[in-house]
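sequence? don't have it. structure:
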Ligand SMILES: Nc1nc2c(c(=O)[nH]1)N[C@H]1C(S)=C(S)[C@@H](COP(=O)(O)O)O[C@H]1N2
Ligand SMILES: [Mo]
């Protein structure tokens, strides 16, 4: 009996009749002729997918690369808890300090591709929405699997894009950690997407073969025809007259996509283009004079008291031996000046000229030449108040404990008395208000 029911539910029985019991409603959006736009159909879905896929590939790759730089280097500090299953892969990947711009470019690409994908993703969901209401809901095992994978795909894509945008806006209304959720959400998204692409590639090829790749874009509104209803559930059975041509629709979506992408690029490239980053969170504080560049967290917000950073401040060095240095002691050491970017994970970058003591010189003072790991602690008591640098970061001659920026002392908001600045390091690890450096051997 149960087997019969299952067979019928999945449409295995060639003579399947509707299951006994209350029948699904055949009203409103459940009726296929409810969806009347003549634009919907396999060609439009295929075109949008072809534009979406490369953006998502770039966004996913740069996201996972960022995870290596941002999280897996942190050892015990890792937000995602030491990387579990993937630990062996991450252990083999050592984020380099070689190219100072590496993280800025990676995060710039992540934001540009991610934001540019959003209008296309929304258009794609619009183009296939009749499928959400399909009746009967489950027709065969294959159909059930496909629908389950689509639920995962739509849910996970909305989740990663939504949490990503909220993070750029520094708004955390949810009760879970952003990094962990966005990271694991991405695995579900990518897995569901791979399955979807594999299943749908033949449909895409068919739509382009039958209708051409760009041919429908040449039709004006008057010559816009709907695609045949038997070509897909998304094509209308009772289309109304077109109110807009396909090329106007695709044009509007492209405009939104390029516009968002350019705004993200402006934030990442910075300098004179910065004001174009219209959707960057506003109301962020900028310092004055030489310290006039974006502050993510002010000294006040981090709970740093002037008394802690005054003349009584000492840098604690720990290694083969421990010692304490005042700010004047540090300024008396050989100083180095480097032009290096701060590249925030949120996609904005800013390049400044920093002066300070090379970290490897401080390691030598603590009796550790070429440390395997450098553990940094801030005066700030919070997760962001500590970080771990790897060997290539701690030993790069350009890596500094910065004391000055653009020729002036660091402002309290940019980390006075001293901050970390390392080539290609994600912004978040450039710890401000440093209190203690511990040079470690493996
Ligand atoms: N102690 C401490 N250091 C910190 C932070 C922080 O909140 N606390 N924010 C980090 C982040 S997320 C970034 S992007 C950079 C920003 O540096 P800026 O404020 O000097 O531009 O500092 C990093 N260093
Ligand atoms: Mo950041």
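Yep, it's here. All of these numbers come straight from a predicted model, not from anything done at the bench. Ligands and ions are numbered 1, 2, ... in the order given.

list the contacts for residue 370?
Counting by CB atoms under 8 Å, 6 or more residues apart in numbering, residue 370 makes contact with 360, 363, 391, 395. In short, each C-beta sits where N, CA and C put it, glycine included.

Roughly how far does it sit from ligand 1?
Distance, residue 370 to ligand 1, by CB to the nearest ligand atom, to the nearest Å: 25 Å.

re the thing from before, can I get the contacts of residue 370 in JSON lines including secondary structure and neighbour count?
Converted to JSON lines, these look like this (DSSP: H, G, I helix; E, B strand; the rest coil; neighbours: other CB atoms under 10 Å):
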{"residue": "360", "secondary structure": "helix", "neighbour count": "20"}
{"residue": "363", "secondary structure": "helix", "neighbour count": "22"}
{"residue": "391", "secondary structure": "helix", "neighbour count": "15"}
{"residue": "395", "secondary structure": "helix", "neighbour count": "19"}
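
Present the residues you listed as CSV; the columns should include pLDDT and distance to ligand 1.
Converted to CSV, the contacts of residue 370 look like this (pLDDT from 0 to 100; distance: CB to the nearest ligand atom, whole Å):
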residue, pLDDT, distance to ligand 1
360, 97, 21
363, 98, 21
391, 91, 21
395, 95, 21
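
quick one: which of these is nearest to residue 244?
Taking CB to CB as the measure, residue 244 lies nearest residue 391 of the contacts of residue 370, at 58.0 Å.

Can you tell me, leaving aside adjacent residues, what's nearest to the closest one?
Among residues not flanking residue 391 along the chain, residue 372 sits closest, at 5.2 Å (CB to CB, 6 or more residues apart in numbering).

neighbouring contacts of the helix or strand where residue 364 lies?
Using DSSP states H and E, residue 364 falls within helix 359-365. Residues from elsewhere that reach helix 359-365 (CB under 8 Å, 6+ apart): 317, 319, 323, 325, 333-334, 369-371, 374, 389, 394-397, 399-401, 420, 422, 437, 439.

swap the cut-off to 6 Å and go again
Contacts to helix 359-365, defined as CB atoms under 6 Å, 6 or more residues apart in numbering, come from residues 317, 371, 394, 395, 399, 401, 439.

Which segments of this protein make up each domain?
2-273, 306-440 (automatic domain parsing).

just curious, which of the contacts of residue 370 is nearest to residue 97?
residue 395 (8.3 Å).

mind checking how far the closest one is from residue 360?
5 Å (CB to CB, to the nearest Å).

do residue 195 as well
Taking CB to CB, one finds residue 195 at 48 Å from residue 360.

coming back round to it: list the contacts for the residue nearest to residue 391?
391, 441, 442.

So what's the predicted local confidence for it?
Residue 372 is assigned 92 on the pLDDT scale.

about what we covered before: nearest to ligand 1, out of the contacts of helix 359-365: which one, please.
residue 401 (13.1 Å; CB to the nearest ligand atom).

That closest one falls within a strand, correct?
Yes - according to DSSP: H, G, I helix; E, B strand; the rest coil, residue 401 belongs to a strand.

residue boundaries of the helices in the protein?
Along the chain, counting by DSSP state H, helices occupy 2-9, 42-70, 87-92, 102-128, 141-168, 178-211, 246-269, 306-309, 327-331, 359-365, 391-395.

Return the most buried member of those helices.
Ranked by mean neighbour count, the helices of the chain are led by helix 102-128 with a mean of 22 (mean count of other CB atoms under 10 Å).

Is ligand 2 within reach of that helix?
No - residues of helix 102-128 contacting ligand 2 under CB under 5 Å from the ion: none, with a closest distance of 9.4 Å.

Just want the angle from that helix to helix 246-269.
With axes from the mean of the first three to the mean of the last three CA atoms, to 10 degrees applied, the angle from helix 102-128 to helix 246-269 works out at 160 degrees.

Could you pick out the residues of the stretch 151-300 of the chain near ligand 1 for me?
Taking CB under 6 Å from any ligand atom as the contact definition, the stretch 151-300 of the chain meets ligand 1 at 294, 295, 296, 297.

ok, the third one to residue 431 distance?
With the distance defined as CB to CB, residue 296 ends up 12 Å from residue 431.

For the two, indicate the residue with more neighbours.
Taking neighbours as other CB atoms under 10 Å, residue 296 and residue 431 compare with residue 431 leading, 26 against 19.

Residue 385 is in contact with the more buried one, correct?
No - using CB atoms under 6 Å, residue 431 makes no contact with residue 385, being 7.0 Å away.

Common neighbours of these two, please.
Counting by CB under 6 Å, 6+ apart, the contacts common to residue 431 and residue 385 are residue 378.

Identify the residue nearest residue 163 in space, chain neighbours excluded?
Residue 163 sits nearest to residue 182 (CB to CB, 6+ apart), 5.0 Å away.

in stretch 269-278, what's buried?
269, 270, 274, 277 (16 or more other CB atoms under 10 Å).

from the residues you listed, which is closest to ligand 2?
residue 270 (14.0 Å; CB to the ion).

quick one, what contacts residue 432?
Contacts of residue 432 (CB under 6 Å, 6+ apart): 415, 419.

and it, how far is that from ligand 1?
Residue 432 sits 4 Å away from ligand 1 when distances are taken as CB to the nearest ligand atom.

Next: residue 228.
When distance is defined by CB to the nearest ligand atom, residue 228 is 53 Å away from ligand 1.

before we move on, back to that, the contacts of residue 372 into a markdown table, with extra columns for distance to residue 244?
Output for the contacts of residue 372, formatted as a markdown table (distance: CB to CB, whole Å):
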| residue | distance to residue 244 |
| --- | --- |
| 391 | 58 |
| 441 | 66 |
| 442 | 63 |
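
tell me which of those is nearest to residue 219?
Closest to residue 219, out of all of these and judged by CB to CB, is residue 391, at 60.3 Å.

near ligand 2, which residues of this structure?
Proximity of the chain to ligand 2 (CB under 5 Å from the ion) is limited to residues 344, 427, 428.

tell me which of those residues is nearest to residue 303?
Among these, and counting by CB to CB, the member closest to residue 303 is residue 428, at 17.6 Å.

Tell me which helix or strand in this structure has the weakest average pLDDT.
Sorted by mean pLDDT, DSSP states H and E, the helices and strands of the chain end with helix 2-9, the least confident at a mean of 54.

Quick check: closest non-adjacent residue to the residue in the stretch 151-300 of the chain positioned nearest to ligand 2.
In the stretch 151-300 of the chain, the residue that lies nearest ligand 2 is residue 296 (5.2 Å; CB to the ion). Spatial nearest neighbour of residue 296, excluding adjacent residues (CB to CB, 6+ apart): residue 344 at 6.5 Å.

So what's the residue count around the closest residue to ligand 2 within the stretch 251-400 of the chain?
Ranked by CB to the ion, the top residue of the stretch 251-400 of the chain for proximity to ligand 2 is residue 344, at 3.4 Å. Residue 344 is flanked by 21 other residues according to other CB under 10 Å.
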